[in-house]
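Visitor: what shape does this take:
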Amino acid sequence: MGFFDRFKPKHKKSASKADPEPTFSIQPVPNEPPQVGGGLQNDGAFAPFKATGPQIPNAEALNGLEEPLSREELHRRAEELNK
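Guide: Numbering: from 1, shown residues only. The predicted structure follows:
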């Protein structure tokens with residue numbers, strides 16, 4: 001008896017239909033069609049991230065903006081917030 005004979009099975013199994021081995025198969029495709037976005041309903045929440053090109057505001061939006069603060073006012077405000 002050789003070294004490798006120890007690892008060989010002593011009894012050979014016959015390949016029969018009565019084997020308790022599980023069988024696996026591919027599942028069928030669902031009937032409903034795929035949804036855009038994988039089924040996530042965002043209702044426009046991601047619309048700003050889908051914008052293309054530079055977004056230039058119109059004159060009405062620009063007139064509605066307040067004047068920017070000066071450097072001294074910004075430093076004063078930063079000191080006030082950092083107390």
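Visitor: count the neighbours of Phe24 for me.
Guide: For Phe24, the neighbour count with other C-beta atoms under 10 Å is 5. All C-beta spots, glycine's among them, are computed from the backbone N, C-alpha and C.
Visitor: work out for me the element it sits within.
Guide: Using DSSP states H and E, Phe24 sits in no helix or strand.
Visitor: just give me how far stretch 72-83 sits from the chain centre.
Guide: Its chain's C-alpha centre and that of stretch 72-83 lie 40 Å apart, by C-alpha atoms, centre = their mean, to the nearest Å.
Visitor: can you give me the buried ones in that stretch?
Guide: Within stretch 72-83, no residue counts as buried by 16 or more other C-beta atoms under 10 Å.
Visitor: quick one: low-confidence parts of this structure?
Guide: 1, 8-19, 34-43 (pLDDT under 70).
Visitor: go again with 90.
Guide: By pLDDT under 90, the low-scoring segments of the chain are 1-56, 83.
Visitor: residues touching Pro28, list them.
Guide: Under the criterion of C-beta atoms under 8 Å, 6 or more residues apart in numbering, Pro28 has no neighbours.
Visitor: just say helix, strand or coil for it.
Guide: Here Pro28 is recorded as coil under DSSP: H, G, I helix; E, B strand; the rest coil.
Visitor: distance of Ala61 relative to Arg76?
Guide: 28 Å (C-beta to C-beta, to the nearest Å).
Visitor: residues contacting the helix of greatest length in the chain, please?
Guide: Identified as the longest helix of the chain according to DSSP state H is helix 71-81. By C-beta under 8 Å, 6+ apart, the surrounding residues in contact with helix 71-81 are Leu69.
Visitor: how about the CA coordinates for it, as CSV?
Guide: Provided in CSV are the C-alpha atoms of helix 71-81 (Å, rounded to 0.1, in the frame of the first residue of the first chain):
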residue,chain,number,x,y,z
ARG,A,71,-13.6,92.2,4.6
GLU,A,72,-13.8,94.1,7.9
GLU,A,73,-17.4,93.1,8.4
LEU,A,74,-16.6,89.4,7.7
HIS,A,75,-13.7,89.5,10.2
ARG,A,76,-16.0,91.1,12.8
ARG,A,77,-18.6,88.4,12.2
ALA,A,78,-16.0,85.6,12.4
GLU,A,79,-14.8,87.0,15.8
GLU,A,80,-18.3,87.2,17.0
LEU,A,81,-19.1,83.6,16.0
